[in-house]
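Student: sequence first, predicted coordinates after that:
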There are 2 protein chains.
Amino acid sequence: MKQKQSRQPDPARRVTAQDVAKKTGVSVMTVSRAMNNRGNVDAATRKKVLDAARKLGYSPDHVARSLVLRKTHTIGVVVPEITHSFFPEAIRGIEEVTYRSGYHLILTHSAEDAKREHDALRTLESKRVDGILISTAQSVTDDSVYREAIGRGVPLVFFDRVVRGIGATCVSIDDKESARMLTNHLIGHGYRRIAHLSGPTRVSIGRARLEGFRNAMDDHQLSVPPEFVVYSGFHETGGYKAMRMLLALPPERRPRAVVAVNDPAAFGAMMAILEAGLRIPDDIAIGGFSDDIRASLMPIPLTTVCQPAYEVGNQAAQALVNIIEGNPPQRDLITLGADLVLRRSCGCQPSEGIRRG
Amino acid sequence: MKQKQSRQPDPARRVTAQDVAKKTGVSVMTVSRAMNNRGNVDAATRKKVLDAARKLGYSPDHVARSLVLRKTHTIGVVVPEITHSFFPEAIRGIEEVTYRSGYHLILTHSAEDAKREHDALRTLESKRVDGILISTAQSVTDDSVYREAIGRGVPLVFFDRVVRGIGATCVSIDDKESARMLTNHLIGHGYRRIAHLSGPTRVSIGRARLEGFRNAMDDHQLSVPPEFVVYSGFHETGGYKAMRMLLALPPERRPRAVVAVNDPAAFGAMMAILEAGLRIPDDIAIGGFSDDIRASLMPIPLTTVCQPAYEVGNQAAQALVNIIEGNPPQRDLITLGADLVLRRSCGCQPSEGIRRG
DNA sequence: GGAGGACTTGTTAGCGTTAACAGTCGATGG
DNA sequence: CCATCGACTGTTAACGCTAACAAGTCCTCC
């Protein structure tokens, strides 16, 4: 067939700067300069190089470039669970920043598993990412992995589920303040006996929300009997079980309102309340966290704290990029405010009923 | 304080195999062999090397390794919109495969923009990913980008929004069949005048669902007047507007049932129907696609086609890894079946009412 | 008219790793 | 006793790119 086609020594071989150089009769260095729009290249030469590059389908090898420049323009992201509605939003916020600043994202997910998270961290480091954004897994009990990475000079920024006091920047929602705000709102409705469905205190958000709840109660000199703080974890079933325990109390010792650690727990609790033949908010009022997409669609729409996931990701990414580029942020604790979304479950009769969704 | 701490010439410098070699008195090659568990290393030497590596905090540089081995163990993923509930699920399915097979994921999102997708593709190629998983953006009109990448030998697998006939493996839901199934179900309820709220026909799912709808109608010798196929796009507002157009028809010429291209469009349409003072399904029945988390929570729960997003991602990743590792799949069209989730909006009175959520 | 400068291009070396080949050393066997 | 083998380890040369310096050309200016 074709006799004199342009020779291709190894079909699997990629086109390199060498090939472009040979074709245009300049050195690889000039090709490099032209491709990177460096000054000091004659306009005509640059054009010649760029044309040849396009014709040959040449694209500079970032791997080689990364090796020599000691910079990969890549950021590692570790999330505990990609499908948790919070994280896609947060990733979107991260992506917006990194896209603008020319970084790429290596996404790993720890499946809430400490070992898997640890592996992810090590591999990201081996991949020589320029920095890491991480939201910790629930099963992590030991900071040393993070400390060591930081010790080795890897820029690390925590977001949402943060670890404070080990020298890494943390971006999170002011959970304590939000829990306080929500609790205060319930107190404002006149409720005095308020219970808390809590998350694991090992995780920062679990701790902070419990604290904020306690603070608000303390501020109003309201007591919190020990049986009013029930562990529910982060899921529907936990919320359901925890609420059942509260409902097992004699009626006069039951709470009149409940602050749930998040919306799924609140949904579980609501189910338990309705099953017990009680009404929301007439018998028991309830509030949650995270403005789950379902919150506004429940039979009794759920009052909840709306967490700016996009904003958290955005700020965390911004902080990380700044650190990487040599402008470390002033404070290493960035907390964002959250909004209270008032719906019927707390006793409000919102004019509009639904704020989003 | 400490006088004789181990010297660190350049604090920013990472620990290399060289350092480990020097410390243990062997050559870098032996370090490499020990780290990679190659044979031909004395057990005692290996231990010595591994110990020193741990002590120094050495982790092999994947960038350098990738350069010499011409393999990055990294897969590029391009999705049009990370927050579309379908994609986090799909990514989860991808992640499961890649985690098991030792690949990492570079995630890019095109924001439904052709140019941004094009950039992402080029950069991924420059980053020398071993393969690419892509779900196309809506605004793409030209295949050549994909063809060229394939021409350059980049393994490419499409998932969900696929491009057929250009030599890449495609993994998608059998949308035509699903649309047909849904339409058949409505016909089974006795509806004859059925309309379709359509997506962009440029996108494969838009085309396929329209076709499946048409096929089902043809099979039953039911006519589809031109005004019964209304463009809605993929969002609530589009569905709302499209439904308004159908409702603007004189009552006797209105549809009795509607097949929406996806759930958000269906939600918009439902809002329009209810606003017009009509009842669902009594006056107009409706069905959607994707089993959006809200579908079961609507005032009238929505009958919908449940798409196995996790499975799509999983199969696509599996196919790509196979291609990369030299076992190309037999067929280059992999279609997965979907399930019909029956709820009230189509006229069914499901015993259980809610299937998931 | 020759020193100096501006602009462009080339040369050399090295980023950290591994493949391929080349030793080294003790043991084995005819 | 020396060739041979096998187990281990070292040496060299890439992989594709860019920084740093060197060198060439042409021009300017005292």
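Tutor: Done, it's in.
Student: so what's the residue count around A:S198?
Tutor: 22 (other Cβ atoms under 10 Å in any protein chain shown). C-beta: built from backbone N, CA, C; applies to glycine.
Student: surely it meets A:P226?
Tutor: No. Counting by Cβ atoms under 8 Å, A:S198 stays clear of A:P226, with 12.0 Å between them.
Student: could you pull out the strands for chain A?
Tutor: Under the criterion DSSP state E, chain A contains strands at A:74-79, A:104-109, A:131-134, A:156-159, A:169-173, A:194-198, A:229-231, A:257-260, A:285-289, A:303-306, A:333-336, A:339-341.
Student: pick the most buried one from these.
Tutor: strand A:257-260 (a mean of 30; mean count of other Cβ atoms under 10 Å in any protein chain shown).
Student: from the chain's centre, how far out does that strand sit?
Tutor: 25 Å (Cα atoms, centre = their mean, to the nearest Å).
Student: which other helices and strands does that strand contact?
Tutor: Applying 3 or more Cβ pairs under 8 Å, 6 or more residues apart in numbering or on different chains; DSSP states H and E, one finds that strand A:257-260 contacts helix A:175-188, strand A:194-198, helix A:236-247, helix A:263-275, strand A:285-289.
Student: so which of the ones you listed is the most surrounded?
Tutor: With neighbours defined as mean count of other Cβ under 10 Å, the helices and strands packed on strand A:257-260 peak in mean count at strand A:285-289, which reaches a mean of 28.
Student: what's across from A:A285 in the sheet?
Tutor: Beta-bridge partners for A:A285, by DSSP bridges, are A:A257.
Student: do you know how far it is from chain B?
Tutor: 21 Å (Cβ to the nearest Cβ, to the nearest Å).
Student: please state the offset of stretch A:203-218 from the chain centre?
Tutor: Put simply, stretch A:203-218 sits 20 Å off its chain's centre (Cα atoms, centre = their mean).
Student: what's the answer for stretch A:146-153, then?
Tutor: Put simply, stretch A:146-153 sits 21 Å off its chain's centre (Cα atoms, centre = their mean).
Student: try stretch A:331-351
Tutor: Distance, stretch centre to chain centre, for stretch A:331-351: 19 Å (Cα atoms, centre = their mean).
Student: now stretch A:197-206
Tutor: Offset of stretch A:197-206 from its chain centre (Cα atoms, centre = their mean): 17 Å.
Student: just the buried residues of that stretch, please?
Tutor: Neighbour-count burial for stretch A:197-206 flags A:197-199, A:203-206 (criterion: 16 or more other Cβ atoms under 10 Å in any protein chain shown).
Student: can I get those in JSON lines with pLDDT?
Tutor: Converted to JSON lines, the buried residues of stretch A:197-206 look like this (pLDDT from 0 to 100):
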{"residue": "A:L197", "pLDDT": "98"}
{"residue": "A:S198", "pLDDT": "97"}
{"residue": "A:G199", "pLDDT": "94"}
{"residue": "A:V203", "pLDDT": "81"}
{"residue": "A:S204", "pLDDT": "82"}
{"residue": "A:I205", "pLDDT": "85"}
{"residue": "A:G206", "pLDDT": "91"}
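Student: name the residues of chain A found near DNA strand D, please.
Tutor: Contact residues (Cβ under 7 Å from any atom of the strand) of chain A with DNA strand D: A:13-14, A:16-18, A:28-29, A:31-32, A:35-36, A:60-61, A:64-65, A:67-69.
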